[in-house]
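got a predicted model here, sequence first, then my questions.
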Amino acid sequence: MHSRIAVIQGDITTQAVDVIVNAANPSLMGGGGVDGAIHRAAGPALLEACKVVRQQMGECSPGHAVITLAGELLAKAVIHTVGPVWHGGEHNEARILEDAYLNSLKLVEANGYRSVAFPAISTGVYGYPKAAAAEIAVKTVSEYLTRHPSFGQVYFVCYDNENASLYQRLLTQQGDEPGA
């Protein structure tokens, strides 16, 4: 049971947490959906930070994550992770999505942060089925928190009621007490 997990329906760019996770594309140069919203809210400093990462490392592969400053966001940092594009589930999509969450959590902890807000990674234009993605997210985060008892708070920030309900139901089934 993890009281350190909560569900929030709202805008991830307005969350007052240490780190927000961006469901990025491999270029890290912004895009649509949550990626575009985060880049717009953070201002030009975020794009410049992403350009530096690109120059140093190249593109960010699916399942991997990188951290940058947060620009004008309330958060202290942004972790950019690339989830899988859904191709029917036969191309390691579940493992790649799990890796996106795990690698993000590892970066939060490695950088000394205590709270993180996740969007529903890969469920927008990448087409991952929302219920399956939510199950992977909740399972991966719950298992990580069990193994890392000193980790702080994790928020699943859902833009719409459908996703918020999915996450709350999954957490309730685990015996967790989802936040509002």
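Nice, I can see it.

what bridges to the spatially most central residue of the chain?
Among the residues of the chain, the one closest to the centroid is Phe118, at 3.3 Å (CA atoms, centre = their mean). Going by DSSP bridges, Phe118 is paired in beta bridges with Phe156.

so what's Thr146 scoring on pLDDT?
pLDDT recorded at Thr146 is 94.

which SSE is it in?
Assigned by DSSP states H and E, Thr146 belongs to helix 130-147.

got the buried residues for that helix?
Across helix 130-147, burial judged by 16 or more other CB atoms under 10 Å covers 130, 132-138, 140-142, 144-145. Just so you know, the C-beta spots here come from the backbone N, C-alpha and C atoms, and that holds for glycine as well.

ranges for the helices of the chain?
Taking DSSP state H as the criterion, the chain carries its helices at 33-42, 44-57, 93-110, 130-147, 161-173.

output the ones you listed as JSON lines; include the columns distance to Asp18.
JSON lines is the format used below for the helices of the chain (distance: least, CB to CB, whole Å):
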{"stretch": "helix 33-42", "distance to Asp18": "15"}
{"stretch": "helix 44-57", "distance to Asp18": "16"}
{"stretch": "helix 93-110", "distance to Asp18": "7"}
{"stretch": "helix 130-147", "distance to Asp18": "15"}
{"stretch": "helix 161-173", "distance to Asp18": "20"}
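
which among those helices is found nearest to His80?
Among the helices of the chain, helix 44-57 comes nearest to His80, with 7.0 Å by CB to CB.

how about that closest one as PDB, C-alpha atoms only?
What follows is helix 44-57, C-alpha atoms only, in PDB (Å, rounded to 0.1, in the frame of the first residue of the first chain):
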ATOM      1  CA  PRO A  44      12.300  29.200 -24.200                       C
ATOM      2  CA  ALA A  45      14.800  28.100 -21.500                       C
ATOM      3  CA  LEU A  46      13.500  24.600 -21.700                       C
ATOM      4  CA  LEU A  47      14.000  24.300 -25.400                       C
ATOM      5  CA  GLU A  48      17.500  25.700 -25.100                       C
ATOM      6  CA  ALA A  49      18.200  23.100 -22.300                       C
ATOM      7  CA  CYS A  50      16.900  20.300 -24.600                       C
ATOM      8  CA  LYS A  51      19.100  21.500 -27.400                       C
ATOM      9  CA  VAL A  52      22.100  21.200 -25.200                       C
ATOM     10  CA  VAL A  53      21.100  17.600 -24.200                       C
ATOM     11  CA  ARG A  54      20.600  16.800 -27.900                       C
ATOM     12  CA  GLN A  55      24.100  18.100 -28.800                       C
ATOM     13  CA  GLN A  56      25.600  16.000 -26.000                       C
ATOM     14  CA  MET A  57      23.700  12.800 -26.400                       C
END
